[in-house]
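Participant: the following block contains a protein sequence and its predicted model.
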Amino acid sequence: MGKFKSGLAAAVLWASVSGSALATEVGKFYGAIDLGQTKVKDWCVGTAGFNCTDTDTLFRGAVGYQVNQNVAVEASYADYGTVEVSDNFGGLVEGSASGFQFSVVGSVPVSDVFSLTGKLGLALTDAEVTNNFGFPNTKDSNTTMAWGLGVRFQLNESVALRAQYESLGEISADSTDPTADADINLMTAGVIFNF
């Protein structure tokens with residue numbers, strides 16, 4: 001029983017130290033690195049008989065400023081990866097996207113170390129579709145409303161972990177073709193470093 005009480009006391013002490021660290025984040029800059037998966041909705045629709053992948057790995061770097069305990073502002077750049085459709089004879093169509101996000105991130109503490117988060121902002125995304133079938137390649141820049149929901153766990157005063165689901169809205173690689181729009185959704189996990 002003594003070991004249990006000692007462990008419980010250590011856990012409470014760690015949580016209270018981490019909780020006070022969460023409070024000291026206010027007015028500080030932070031950096032974040034996120035890894036995850038991009039999914040392009042409906043990319044594989046109508047591709048029966050072809051090989052199709054509608055997901056890829058994404059990488060994102062971000063910097064932010066913690067305005068107060070509940071609000072931060074964040075800017076990020078991400079490579080959202082490449083999706084493709086191919087046949088068995090070397091034919092290939094690839095879609096890729098990358099871009100910036102500028103967001104306000106809200107946070108609601110559930111405990112001293114755990115918070116629910118939400119983000120809302122603008123995504124400036126460049127999308128491109130290339131092929132080797134002889135059709136014209138297309139490329140376009142998009143500005144869309146981006147939003148996300150997630151969780152954050154504060155490890156100590158310097159480091160936190162986060163996980164997020166995000167939507168970039170409808171992204172197009174060809175502004176002349178309204179049927180070329182596709183929803184891009186993200187699932188990410190990352191590490192936050194407070195400066």
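Facilitator: Perfect, I can see it now.

Participant: can you read off the pLDDT for the residue nearest to Phe153 when sequence neighbours are not counted?
Facilitator: Distances taken as C-beta to C-beta, 6 or more residues apart in numbering place Leu161 nearest to Phe153, at 4.8 Å, with adjacent residues excluded. From N, CA and C alone the C-beta is placed, and that goes for glycine too. Reading off the confidence values, Leu161 has pLDDT 98.

Participant: low-confidence ranges, the chain, go.
Facilitator: Residue ranges of the chain with pLDDT under 70: 1-25.

Participant: where do the helices sit along it?
Facilitator: 2-23 (DSSP state H).

Participant: could you pull out the strands in it for me?
Facilitator: 29-40, 51-53, 55-66, 71-86, 92-109, 114-131, 138-154, 159-171, 182-194 (DSSP state E).

Participant: which helices and strands sit right next to the fifth one?
Facilitator: Same thing as strand 92-109. Counting contacts by 3 or more C-beta pairs under 8 Å, 6 or more residues apart in numbering; DSSP states H and E, strand 92-109 packs against strand 71-86, strand 114-131, strand 138-154.

Participant: could you do the third one as well?
Facilitator: Secondary structure elements in contact with strand 55-66, counted by 3+ C-beta pairs under 8 Å, 6+ apart, are strand 29-40, strand 71-86, strand 182-194.

Participant: so what strands line up beside it?
Facilitator: Taking DSSP bridges as the criterion, strand 55-66 forms sheet pairs with strand 29-40 (antiparallel), strand 71-86 (antiparallel).

Participant: kind regards, and thank you for your time.
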